[in-house]
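**Student:** please work out how this folds:
(chains A and B)
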There are 2 protein chains.
Amino acid sequence: MSSSNPKVVDIHTHMYPPAYVELLESRKTIPFIRRFAGAKDPRYIILPAEAEALDKIASSEFETISASLLPGRPITTHYSSLAQKIHFMDTHGIDISVISLANPWLDFVSSEVAGETAKSVNSAFRDMCSTAPGRLFFFATLPLTAPPETLLAAIGHIKGLKYCRGVILGTTGLGKGLDDAALVPVFRALAANKLTIFLHPHYGLPSEVWGPRATEEYGHVLPLALGFPMETTIAVARMYLAGVFDAVPDLRMLLAHSGGTLPFLAGRIESCIVHDRHLVSEGKVGPRRRTIWQVLKEQVYLDAVIYSDVGLKAAIDASGVDRLMFGTDHPFFPPLNSDEQGEWESMTWNKEAVSKALGVDSEGAKAVMGGNAVEVLRLYDEE
Amino acid sequence: MSSSNPKVVDIHTHMYPPAYVELLESRKTIPFIRRFAGAKDPRYIILPAEAEALDKIASSEFETISASLLPGRPITTHYSSLAQKIHFMDTHGIDISVISLANPWLDFVSSEVAGETAKSVNSAFRDMCSTAPGRLFFFATLPLTAPPETLLAAIGHIKGLKYCRGVILGTTGLGKGLDDAALVPVFRALAANKLTIFLHPHYGLPSEVWGPRATEEYGHVLPLALGFPMETTIAVARMYLAGVFDAVPDLRMLLAHSGGTLPFLAGRIESCIVHDRHLVSEGKVGPRRRTIWQVLKEQVYLDAVIYSDVGLKAAIDASGVDRLMFGTDHPFFPPLNSDEQGEWESMTWNKEAVSKALGVDSEGAKAVMGGNAVEVLRLYDEE
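**Tutor:** Residues are numbered from 1 along each chain as shown, chains lettered A, B, ... in the order given. Model (predicted):
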């Protein structure tokens, strides 16, 4: 990055291509999109609690119900309109966005069609990026439910797609989590092709942990604020304990939400490992062990979607200022008390966190706001 | 605190009085203690996975099995010997320990006997402290399974006990979590009597989140390193969303493991609240709302049991250097490759974290190592 002309890059920003919206509209179980006569925008139903809330509404009410009582979130033009994405970028001074399909990606697609669906979605992303050359790049989506050969073939397709810089991945893997040995060839193929994995949560934690009052009284705060980052943390810790970072040394993972809670918990993870009788007795805690700190500093990147300098500083301390990358999570979390076409707190809070943690316009702040992403993800114009 | 004579205080350190050990020995389901002919020390079985592992061992093997293959942890003299506690303190330069019963406390005791059991356990703690006046104080234990009047009467008993400075509390409450409205009178009674609540995890997360490989391959790392702090985080977030910190303004809670992950996630919690349609539409996100940051700075204390300066700095940033208190978690996590009578990493790692975060022998470091605890918990000699 030339610091004289620093770029602002948003590496955590989602899009729903029209074909994906149609797919969601055709479904009856989460995730799905439903239209209601009384509401301007269709609703996107993504969490189990939202589907349960919908079930409690009698279908006779669908015509007349007030939009504020509908479950899920309005799926506005922010979700699928490229013009809106560019407007959001221009409003907030974002030079480049690395767009990705939002959760739960293709996790729900049947095995038979997953390969073709992935091809169609990834080609759609390539086409979107080509409409604004130099301003849009993307993370592709893997057909994880497809047979192994289709899955590996998809990586072959992805690596040839212009503007593609990696893949977005949930925590389910092939159904058994990311510590599944069957995924190692997938990780190896991604690493060999310099495709960064953007690890993103979706499933959160089992809903009983939120307690009996959560659904009625606490909105979506607990599953989104806690479930998401905890899911990411657990997924990476499982990969780490399974030895995936040893088995695939050139694996490069960008962790959503500043690593979930990994920077804060890394010390405790290390302590629990060296104090674990089982691991010690199995010889897994030898002097040449790669620590979680090494993984954080050498194989992991963190987004800066953390909404506070307190957490951001810990993320920087854990991974280094050259491994943090700014993001917004657009189109999620629109402002509720101001114009959606104006400023979003997702931008201002996260940008303020960078300024507070590193100093306004410091070299470190420029690196986090975009320089790191340009270098790590090679965000240069393609011929 | 006089900084010319700084005290080192351990506020996170557990004891099992003999009567409590007997209670655990009488039980067949977790938590329980079992003796094996082939092992020097009895084993303490506390986690579901440990009980499952025990079930897989044929009883015919119990006589001959190697100690290293037994589930659970050896319950050494460190658990119940006061002389060992004092030895640990002297070895590590700890002037004062604020001892507490370890998890799961009396959560499993039947309603009929909970009141008497609590009285006996708390009196035993008072008696232990009286053997080393000025060096030992304690957090008492509540009979949470007892009828409400017994529970409130227990607070009356506790407040009159010499050396008692608060209560240790799990996250179950009366069975519905700490956001249960029925607990508010308990919190009010504790606050009115200046009894600090030491919130400590035990139950972790539902075991399916650790995945199919965890039990066999990862030891206890995931439930202890991640489940514990996530449980604490969820419990406090639920209390916060239920308005408990508003309803009981003088509530004072000391959170184990530096608040679980709250300092790191506070920004995301705030963002998810102000962006939650349900909370906003119910008028719960007004300008006079007490933020989670305010709770962290005004009603919460954090222990410094976090094993790294990275997390400790975030904890200090979130709550302030005057609200952190050093702890060791003794007798858990003994050294596995050195003499248990010597130095423990639980001391050295956590002490190093304080030095690195705040500077060796700085005023801040002295405050965290003991000065804060002396002031907040009034750790002065009692007549």
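**Student:** list the buried residues for the helix or strand bottoming out on mean pLDDT in chain A?
**Tutor:** Between all helices and strands in chain A, the lowest mean by mean pLDDT, DSSP states H and E belongs to helix A:48-55, at a mean of 83. By neighbour count, with 16 or more other Cβ atoms under 10 Å in any protein chain shown as the criterion, the buried positions of helix A:48-55 are A:48, A:49, A:50, A:51, A:53, A:54. Backbone N, C-alpha and C define where each C-beta goes, glycine included.
**Student:** show me what it is packed against.
**Tutor:** For helix A:48-55, the elements it packs on are helix A:214-217, judged by 3 or more Cβ pairs under 8 Å, 6 or more residues apart in numbering or on different chains; DSSP states H and E.
**Student:** average pLDDT for the helix it packs on, rounded please.
**Tutor:** Along helix A:214-217, the predicted local confidence has a mean pLDDT of 91.
**Student:** touching chain B at all, that helix?
**Tutor:** Yes. Part of helix A:214-217 sits close enough to chain B to count as contact by Cβ under 8 Å from any Cβ of the partner chain, namely A:214, A:217.
**Student:** my assumption is that residue A:197 lies in a helix; please confirm.
**Tutor:** No. Under DSSP: H, G, I helix; E, B strand; the rest coil, residue A:197 sits outside any helix and is assigned strand.
**Student:** the helices in the stretch 251-383 of chain A, which residues?
**Tutor:** Per DSSP state H, counting those that start in this stretch, the stretch 251-383 of chain A has helices spanning A:262-274, A:277-281, A:292-298, A:309-319, A:345-358, A:363-366, A:372-376. These are given in chain order.
**Student:** save the ones you listed as TSV, and put in mean pLDDT and distance to chain B too.
**Tutor:** Conversion of the helices of the stretch 251-383 of chain A to TSV gives the following (pLDDT from 0 to 100; distance: least, Cβ to the nearest Cβ, whole Å):
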stretch	mean pLDDT	distance to chain B
helix A:262-274	98	3
helix A:277-281	92	3
helix A:292-298	98	8
helix A:309-319	98	4
helix A:345-358	96	6
helix A:363-366	98	16
helix A:372-376	98	19
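**Student:** reformat these as CSV; add mean neighbour count.
**Tutor:** Output for these, formatted as CSV (neighbours: other Cβ atoms under 10 Å in any protein chain shown):
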stretch, mean neighbour count
helix A:262-274, 26
helix A:277-281, 18
helix A:292-298, 18
helix A:309-319, 26
helix A:345-358, 21
helix A:363-366, 18
helix A:372-376, 21
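**Student:** what separation do you get for residue A:292 and residue B:125?
**Tutor:** 36 Å (Cβ to Cβ, to the nearest Å).
**Student:** no wait, residue A:148
**Tutor:** Summarising the geometry, the distance separating residue A:148 from residue B:125, computed by Cβ to Cβ, is 59 Å.
**Student:** comparing these two, which residue is more hemmed in?
**Tutor:** Between residue A:148 and residue B:125, counting by other Cβ atoms under 10 Å in any protein chain shown, residue B:125 is the more crowded of the two (26 against 11).
**Student:** now that one: closest residue in space that isn't a chain neighbour?
**Tutor:** residue B:138 (4.2 Å; Cβ to Cβ, 6 or more residues apart in numbering or on different chains).
**Student:** circling back: select, out of the helices of the stretch 251-383 of chain A, the one closest to residue B:73.
**Tutor:** Nearest to residue B:73 among the helices of the stretch 251-383 of chain A is helix A:277-281 (7.4 Å), distances taken as Cβ to Cβ.
**Student:** ok, now which ones touch the residue nearest the centre of chain A?
**Tutor:** When Cα atoms, centre = their mean is applied to chain A, the residue found nearest the centroid is residue A:200 (3.3 Å). By Cβ atoms under 8 Å, 6 or more residues apart in numbering or on different chains, the contact list for residue A:200 reads A:100, A:103, A:168, A:169, A:170, A:232, A:256.
**Student:** around the second one, count how many other residues there are.
**Tutor:** Just to be clear, that refers to residue A:103. Applying other Cβ under 10 Å, we find 19 other residues in the vicinity of residue A:103.
**Student:** give me the phi and psi angles of the residue nearest to residue B:125.
**Tutor:** Main-chain dihedrals, residue B:138, degrees, to the nearest 10: phi -150, psi 160.
**Student:** low-confidence regions, chain A specifically.
**Tutor:** Confidence mapping of chain A against pLDDT under 70 gives the ranges A:1-4, A:68, A:383.
**Student:** can you give me the strands in it?
**Tutor:** Here chain A has its strands, by DSSP state E, at A:9-15, A:32-34, A:43-45, A:73-74, A:96-101, A:136-141, A:164-169, A:196-199, A:253-255, A:300-303, A:324-325.
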